[in-house]
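Peer 1: Give me the fold of what follows.
(chains A and B)
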Amino acid sequence: QVTLKESGPGMLQPSKTLSLTCSFSGFSLSTSGMVVSWIRQPSGKSLEWLAAIDWDGDKYYNPSLKSRLTVSKDTSNTQVFLKITSVDIADTATYYCARRPWSGSPFDYWGQGVMVTVSS
Amino acid sequence: DIQMTQSPASLSASLGETVSIECLASEDIYSNLAWYQQKPGKSPQLLIYYASSLQDGVPSRFSGSESGTQYSLEINSLQPEDEGDYFCQQSYKFPYTFGAGTKLELK
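Peer 2: Next up, the predicted model:
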C-alpha cells in the first residue's frame, strides 16, 4: 500500500526558511525511474510543481523558484525533504508530495497535503 | 516552460449530461498528459494518464482524447460525485506544469 504524508511547521514568519518532510511507504525511491515531487497549491488556485528528486539522487527545480529551493532525501530512502528560503506571504499554500513511478508518468499517489501559512 | 491552457474555467451541467474540458499545450508533449480530479480539502486524484488511459478504479464515464497539442477530458452521464475541480498536467518534461483548472458544478 503506497502512502505519502507531508509534515511541516503550519505557520512561519516572512523571511524564514520553510522545512517540509515527506514520509512515504509502500514503494522504493531507489527503483529506477521513481521520482518524488513537491507541488503546492494556494487556496482556490491551481497547482504549481516545485521540485523533484529521483531514484539516482538527481534533483530538479522549478526555474521560477530554483534559487530558494533545496530538495533532498534521507539515506534510507523513506523521506524526502524540501527547504524554501526567504518565504513571504506568496508562499502560503498547501504543500503536497507525490510519486511519479516512471519517466513520463503522472503523479499516481499524493500525500494529504500540509497547509503552510506565512504571516508576521 | 510548457504552458497548459485549460478551458473553461468553470462549467455547470445537469445530472446525466456530457461535458468536456480542454487543455492546449504550448508545444508537443507526445501524449504525456494527465487529468486529475480534486474535491474540496482533498488532494488531487489521477483520472487519466497518457492522454487516454484510464487509471484503475476510475469509472468508465471518464475518457480522454487528443488532437495534436489539444487534449480533452470528457465526462459522460454526469453523476453528483463528479462535482469538483479538474486539472490537466503535462508529464513530458521538467518543469512539470498544470492547467489553471476547471470547476465543475452540477445544476
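
Peer 1: On the three-state scheme, the residue in chain A that chain B sits nearest to is what?
Peer 2: Nearest residue of chain A to chain B (CB to the nearest CB) works out as A:Pro106 at 3.4 Å. C-beta: built from backbone N, CA, C; applies to glycine. With DSSP: H, G, I helix; E, B strand; the rest coil as the basis, the three-state label of A:Pro106 is coil.

Peer 1: Return, as residue ranges, the portions of chain B with sub-threshold pLDDT.
Peer 2: Applying pLDDT under 70 to chain B flags no residue at all.

Peer 1: just the strands in it please.
Peer 2: With DSSP state E as the criterion, chain B has strands at B:4-7, B:10-13, B:19-25, B:33-38, B:45-49, B:53-54, B:62-67, B:70-75, B:84-90, B:97-98, B:102-106.

Peer 1: elements contacting the second one?
Peer 2: Just to be clear, that refers to strand B:10-13. Counting contacts by 3 or more CB pairs under 8 Å, 6 or more residues apart in numbering or on different chains; DSSP states H and E, strand B:10-13 packs against strand B:19-25, strand B:102-106.

Peer 1: Against chain A, how distant is the closest residue to B:Glu83 other than its chain neighbours?
Peer 2: With sequence-adjacent residues excluded and distances taken as CB to CB, 6 or more residues apart in numbering or on different chains, B:Glu83 is closest to B:Leu106, at 5.3 Å. According to CB to the nearest CB, to the nearest Å, B:Leu106 stands 20 Å off from chain A.

Peer 1: Just to check, B:Leu106 is in contact with B:Leu15?
Peer 2: Yes. Using CB atoms under 8 Å, B:Leu106 makes contact with B:Leu15 at a distance of 6.3 Å.

Peer 1: residue contacts, residue 29?
Peer 2: Using chain A here. A:Val36, A:Ile53, A:Trp55, A:Lys73, A:Asn77, A:Thr78, A:Val80 (CB atoms under 8 Å, 6 or more residues apart in numbering or on different chains).

Peer 1: That was the other one, I meant chain B.
Peer 2: By CB under 8 Å, 6+ apart, the residues touching B:Ile29 are B:Ile2, B:Thr69, B:Gln90, B:Ser91, B:Tyr92.

Peer 1: need the residues of chain A near chain B, please.
Peer 2: Counting by CB under 8 Å from any CB of the partner chain, chain A comes close to chain B at A:37, A:45-49, A:52, A:60-64, A:96, A:100, A:104-108, A:110-113.

Peer 1: Inside strands: which ones of those residues?
Peer 2: Among the residues of chain A next to chain B, the members found in strands (DSSP E) are A:Ser37, A:Glu48, A:Trp49, A:Ala52, A:Tyr60, A:Tyr61, A:Tyr96, A:Arg100, A:Trp110.
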